[in-house]
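Asker: what follows is a predicted structure for the sequence shown.
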Amino acid sequence: MKGMDAGRVTVVIPCYKVSRHVLDLLDRIGPEVEAIVVVDDACPEGTGALVQAQCLDARVQVLFHAANQGVGGAVMTGYRHAIAAGADVIVKLDGDGQMDPALLGRFIAPILEGDADYTKGNRFHDLRNISRMPKLRLFGNAGLSFLNKLSTGYWDIFDPTNGYTAISAQVAVMLPLDRISQRYFFESDLLFRLGTFRAVVRDVPMDAQYGDEVSNLSIGKVLPEFLFKHVRNTGKRIFYNYYLRDLTAASLELLLGAMLLLFGVGYGSWHWWQSLATGKTAATGVIMLPAMTVLMGMQLLLAFLSQDIAGVPRRVLTRVRKAGPAGGGSGGVAP
């Protein structure tokens, strides 16, 4: 690989209404990248045809979707192509130019060094730069970050919708690419899928670049969808990790804690309503029983949460094999 001492790097660029920015982005991708896959997601501006006509970079290959599949669908098409072509690390860049290709080395280094299976950008690392982020995006990302932690189990990462990512190709092979959400939820859904087989995910500090690009994301339209899917994935994750695949003390803490909390709230609410209806003060025992069960339930749930946070994956699934001093071998992954 050019300029690196390990595996082959492929960049995937999903394109939809980015004809004004994509050529400049392609010009700024450095020699450390071996292949560039541009996926025209039925772009009404003809971005793919523009790249074919005006980009002279021999590394670039353009793929076309006959119908729009969303940014997630375009990325999955790029993943499949990169895997089939023998890539070792796959980097995803948006075609609107917000992501600086000069930072690419920061994203692939943890994977090449065996410290991560997947890396993603984090625009929240420096508080001085947050003021440059549009307020709506800032507020939305803060809320989505918390929901993402619940649904994926990656409590130590932020900025879940950040699209600047890199993944080991051997980990990408494990993903059910046909089941990952195809549209704007795909970054969060991808993290959920990675969490089900305990891949190691690392944040990479970065600063976003906001220019004259127009976002195709409508917060009002996607918020209900995001909320529903995060709740669904949270339930799936807990069932998979704590009851289907394993049974630990945390499994019992969650079950008993939820039962005690629900009983305490239900029992206490019922007798509170009866007291209001009859005007009679409840007996001390009737008051103490729900109070104690609620406190015990909350304590057990907090113990479960503590173990869940401590259980963030730390051991990588695969390692990219580095080339020898003489440049022998073309990379690959060692188990």
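Answerer: Ah, there it is. Numbers count the residues shown, from 1 in each chain.
Asker: nearest residue to residue 154 in space, please, no chain neighbours.
Answerer: Setting aside the residues directly before and after it, residue 154 is nearest to residue 201 in space (C-beta to C-beta, 6 or more residues apart in numbering), at 5.4 Å. No exception for glycine: its C-beta is placed from N, CA and C like everyone else's.
Asker: same check on residue 50?
Answerer: Using C-beta to C-beta, 6+ apart and skipping residues adjacent in sequence, the residue nearest residue 50 is residue 19, 5.4 Å away.
Asker: got a list of what the one you found touches?
Answerer: 43, 45, 46, 47, 50 (C-beta atoms under 8 Å, 6 or more residues apart in numbering).
Asker: quick one: contacts for the residue nearest to residue 154?
Answerer: So residue 201 contacts 116, 117, 118, 119, 120, 154, 157, 191, 194, 313 (C-beta under 8 Å, 6+ apart).
Asker: for it, name its beta-bridge partners.
Answerer: According to DSSP bridges, the residues that bridge with residue 201 are residue 118.
Asker: gap between it and residue 165?
Answerer: Separation of residue 201 from residue 165 (C-beta to C-beta, to the nearest Å): 10 Å.
Asker: anything in contact with each of those two?
Answerer: Overlap between the contact sets of residue 201 and residue 165, as judged by C-beta under 8 Å, 6+ apart, is given by 118, 119, 120.
Asker: how many residues are close by the residue nearest to the last one when sequence neighbours are not counted?
Answerer: Nearest-residue entry for residue 120: residue 165, 4.7 Å, with adjacent residues in sequence omitted and distances by C-beta to C-beta, 6+ apart. Residues lying near residue 165 (other C-beta atoms under 10 Å) number 22.
Asker: what domains does the record give for the chain?
Answerer: When the chain is parsed with automatic domain parsing, its domains come out as 9-222, 247-310.
Asker: quick one: buried residues of stretch 85-98?
Answerer: If you call a residue buried by 16 or more other C-beta atoms under 10 Å, then stretch 85-98 has these buried ones: 87, 88, 89, 90, 91, 92, 93, 94, 95, 96, 97, 98.
Asker: what do you get for stretch 174-188?
Answerer: For stretch 174-188, burial by neighbour count (16+ other C-beta under 10 Å) applies to 174, 175, 177, 180, 181, 182, 183, 184, 185, 186, 187, 188.
Asker: ok, stretch 110-117 next?
Answerer: 110, 111, 112, 114, 116, 117.
Asker: now do the host helix or strand of residue 230: everything it contacts.
Answerer: For residue 230, the element it lies in under DSSP states H and E is helix 219-239. Contacting residues not belonging to helix 219-239 are listed as 136, 140, 144, 147-148, 150-153, 181, 184-185, 188-189, 192, 195-196, 254 [C-beta under 8 Å, 6+ apart].
Asker: which among the residues you listed end up buried?
Answerer: Neighbour-count burial within these applies to 140, 144, 147-148, 150-153, 181, 184-185, 188-189, 192, 195-196, 254; the criterion is 16+ other C-beta under 10 Å.
Asker: ok, and the closest non-adjacent residue to residue 301?
Answerer: On the basis of C-beta to C-beta, 6+ apart, the spatially nearest residue to residue 301 that is not a chain neighbour turns out to be residue 257, at 3.9 Å.
Asker: the one you found reaches residue 306, doesn't it?
Answerer: No: judged on C-beta atoms under 8 Å, residue 257 makes no contact with residue 306 at a distance of 11.8 Å.
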